[in-house]
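Asks: Requesting a structural model of the entry that follows:
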Amino acid sequence: MAPEISVVILCYKEGQRLSSFVNRTANLLERLFIPWEIVLVANYWDNKDDETPKEAKKISTQMSNIKVVSILKQGGMGWDARNGFEKASGKFICLIDGDGQMPPESIIRVYEKIKNDKLDFVTTYRTERGDSILRKVNSYIYNLVFRILFPRIKVKDANSKPKIFTKEIYSKMRLSANDWFLDAEILIQCARMRLKIEEIPVTFNKCISRESFVRIDAIFEFIVNLLRARIKEFFIKDE
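Replies: Numbers count the residues shown, from 1 in each chain. Prediction:
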């Protein structure tokens, strides 16, 4: 039987911390009484010491409905997420980070929202943020620029997770982002298809186990990607 939901968990550099998050997620999914699967994306850089692939494979031996994607990285977050999406076989696909900043309980909330309200796509916005000033500033500027360039996309927090969409919708997307821009790329393509999108609040916890992967210059990369996407949309409309 095909899963009702596939939860794609981005696991980069989580190591032994990953087990606790996966167990919490699995316990919550069991309470839904539906077929489910978890896809652990544990891709790695060749020159980095990362025990995450080994830990992910160990976890997968303990539960039959856990898959692992663990290959040499060729990109950042976006590339990892796209690898996970391709492995997912559920009717609904949910994307979340495995560092615990977004609590796994939010997976259940976005699933129930998209299911009960018969939506195409549900995402989240962070009402409480336990992260650094740098990340808060980067996110504020990024979302401000996003709203200016794409005013028809009515979301408060483009790069928040979890996000959930149907497998059918995913099959119509043409995602190519290899970096943090993937979040915005998904929203842009959903808007292009005129899908039913809604956003619900989530608490964003402080990450105490490691430093953030978001660089100080990430905002410039974000803005450049947004400008390129805006120009691309003009050409698409003209076709």
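Asks: remind me, longest helix of this structure?
Replies: For the chain, the longest helix by residue count, based on DSSP state H, is helix 218-238.
Asks: elements contacting that one?
Replies: Contacts defined by 3 or more CB pairs under 8 Å, 6 or more residues apart in numbering; DSSP states H and E place helix 218-238 against helix 133-149, helix 182-192. (Each C-beta comes from the backbone N, C-alpha and C, glycine too.)
Asks: Out of those, the one nearest Asn65 is which?
Replies: Nearest to Asn65 among those is helix 182-192; the distance by CB to CB comes to 24.7 Å.
Asks: For that closest one, which outside residues touch it?
Replies: If you take CB atoms under 8 Å, 6 or more residues apart in numbering as the criterion, helix 182-192 is touched by 77-78, 81-82, 120-121, 123, 146, 150, 152-153, 155, 158-161, 163, 165, 169, 173-177, 197, 222, 225-226, 229, 233, 236.
Asks: just to revisit the earlier point, average pLDDT for the longest helix of the chain?
Replies: Along helix 218-238, the predicted local confidence has a mean pLDDT of 81.
Asks: hmm, who's touching that helix?
Replies: The contact list for helix 218-238 (CB under 8 Å, 6+ apart) reads 137-138, 141-142, 145-146, 149-150, 177, 179-181, 184-185, 188, 192.
Asks: Spatially, which residue comes closest to Arg147, not counting chain neighbours?
Replies: Ile153 (7.7 Å; CB to CB, 6 or more residues apart in numbering).
Asks: Could you look up the SS state of the one you found?
Replies: Local secondary structure at Ile153 is given as coil here, using DSSP: H, G, I helix; E, B strand; the rest coil.
Asks: Next, it: phi, psi?
Replies: Dihedral pair for Ile153: phi -90, psi 100, per degrees, to the nearest 10.
Asks: Could you do Val39 as well?
Replies: Val39 has phi and psi values of phi -110, psi 110 when expressed as degrees, to the nearest 10.
Asks: ok, now Glu37?
Replies: Glu37 adopts backbone torsions of phi -150, psi 160, taken as degrees, to the nearest 10.
Asks: Look up which helix or strand Gly78 falls in, please.
Replies: Secondary-structure element containing Gly78, defined by DSSP states H and E: helix 77-87.
Asks: ok, now Ala26?
Replies: Secondary structure assignment for Ala26, by DSSP H and E: helix 18-30.
Asks: and that helix, how far from the chain's centre?
Replies: When distances are taken as CA atoms, centre = their mean, to the nearest Å, helix 18-30 is centred 17 Å away from the chain's centroid.
Asks: Stretch 23-36 now?
Replies: The chain centre lies 19 Å from the centre of stretch 23-36; the measure is CA atoms, centre = their mean.
Asks: Next, the buried residues of that stretch.
Replies: Neighbour-count burial for stretch 23-36, with 16 or more other CB atoms under 10 Å as criterion, is recorded at Thr25, Ala26, Leu28, Leu29, Ile34, Trp36.
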